[in-house]
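Undergrad: Sharing a model that was predicted from the sequence below.
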Amino acid sequence: MTYRDPALKLLSHVYWHQKKEFMFERDDYPCWTLFAVEEGSFFYEIRTEQGEARFGDLVLCPPRTVYRRKTIEPLTFHFIQFIGEPHMEQEATWTGKLSVQDLPRLTSSYRYLRTLQGWDEESTQHKLHLVNDLFRMVQMERMIQESPPETIMDEQMDQARSFLTDHAYGNLSMLNLAQQLDLTPVQFTRRFRKAFAQTPTEFINELRLTRARHLLESTTFTLDVIASQCGYENGFYLSRVFTSKIGMAPSIYRSMHRV
């Protein structure tokens, strides 16, 4: 299944710390309900699936579905409710235990969720981004497991990638690079994509946006200054690319990393 961020409407987010037991061992909710575990463990049963969930696990229950649960160890978790898209109820991949392997990133997401206690428009937008990111982590890891990307050895493209890495943050002409390789721009793009599963432009943007994120997190530089250090013409163009690729404006990203 090709992943896209579902259009969620966040209804509730409650952070529970060291909860010893649930008030009810059986419940059913009118909306999607997610238990995102930070510490401890609990037993769950949703439809025909049952098991134990702990840190690294997200347990997702569809609307109007019996949800049985019982704490095993005192439970610290995020209780999140939302309205999802209709297609989600038809897909088994959106039910039961979803596991995340990237625990450092998961820990970071939980830390940000804990700090977002308000329900003003900006806080809600931050929370929604983080919830979407939890699902994105699950799906990306599944895709990598099920379909490892195939890379084809191409020494000339290895050299091209090294050149792009060395010159990513300066004035860079893909046309000139293609000509140096004695290729047309179309041939260059096709061969690069075949070798690395992404276009040269996508590769460059990945490098540049990684640097932009680091500068947003660790400096007070203006967007124009950051753009100049990342190879973009100006702050306006950087903002457009950043928002398109990262899913939020640079100002919002910076505020999330300065909590």
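TA: Received the coordinates, thanks. Numbering: from 1, shown residues only.
Undergrad: List the buried residues in the longest strand along the chain.
TA: Identified as the longest strand of the chain according to DSSP state E is strand 67-83. For strand 67-83, the neighbour count (16 or more other CB atoms under 10 Å) marks 67-69, 71, 75-78, 80-82 as buried. (Glycine included, C-beta is placed from N, CA and C.)
Undergrad: can you put those residues in CSV and add distance to His13?
TA: Putting the buried residues of strand 67-83 into CSV (distance: CB to CB, whole Å) gives the following:
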residue, distance to His13
Tyr67, 18
Arg68, 23
Arg69, 18
Thr71, 20
Leu75, 16
Thr76, 14
Phe77, 11
His78, 7
Ile80, 5
Gln81, 8
Phe82, 9
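Undergrad: For the longest strand of the chain, what is the distance to the chain centroid?
TA: Distance of strand 67-83 from the chain centroid (CA atoms, centre = their mean, to the nearest Å) equals 22 Å.
Undergrad: Arg254: which of the buried residues of strand 67-83 is nearest?
TA: For the buried residues of strand 67-83, the residue nearest Arg254 by CB to CB is His78; the value is 23.6 Å.
Undergrad: for the closest one, which residues make a bridge with it?
TA: For His78, the beta-bridge partners are Tyr15, Ala36 (DSSP bridges).
Undergrad: Could you double-check that it sits in contact with Leu34?
TA: Yes: His78 sits in contact with Leu34 when judged by CB atoms under 8 Å, with a separation of 7.5 Å.
Undergrad: tell me the phi and psi of Glu45?
TA: The phi/psi pair for Glu45 (degrees, to the nearest 10) reads phi -140, psi 120.
Undergrad: Who are the contact partners of it?
TA: 67-69 (CB atoms under 8 Å, 6 or more residues apart in numbering).
Undergrad: Redo those as TSV? Include distance to Glu206 and pLDDT.
TA: Shown next, in TSV, are the contacts of Glu45 (distance: CB to CB, whole Å; pLDDT from 0 to 100):
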residue	distance to Glu206	pLDDT
Tyr67	39	95
Arg68	43	95
Arg69	40	95
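Undergrad: wait, which of those residues is closest to Arg190?
TA: Closest approach between the contacts of Glu45 and Arg190, by CB to CB: Tyr67, at 49.3 Å.
Undergrad: Is it correct that that closest one is in contact with Thr33?
TA: Yes: Tyr67 lies in contact with Thr33 (CB under 8 Å); the separation is 6.8 Å.
Undergrad: Overlap of the contact sets of those two?
TA: Among the neighbours of Tyr67, those also in contact with Thr33 (CB under 8 Å, 6+ apart) are Cys61.
Undergrad: so who does the nearest residue to Ile80 once chain neighbours are set aside touch?
TA: Closest residue to Ile80 apart from its sequence neighbours, by CB to CB, 6 or more residues apart in numbering: Leu34 at 4.3 Å. Taking CB under 8 Å, 6+ apart as the contact definition, Leu34 lies against 58-61, 78-82, 131, 134.
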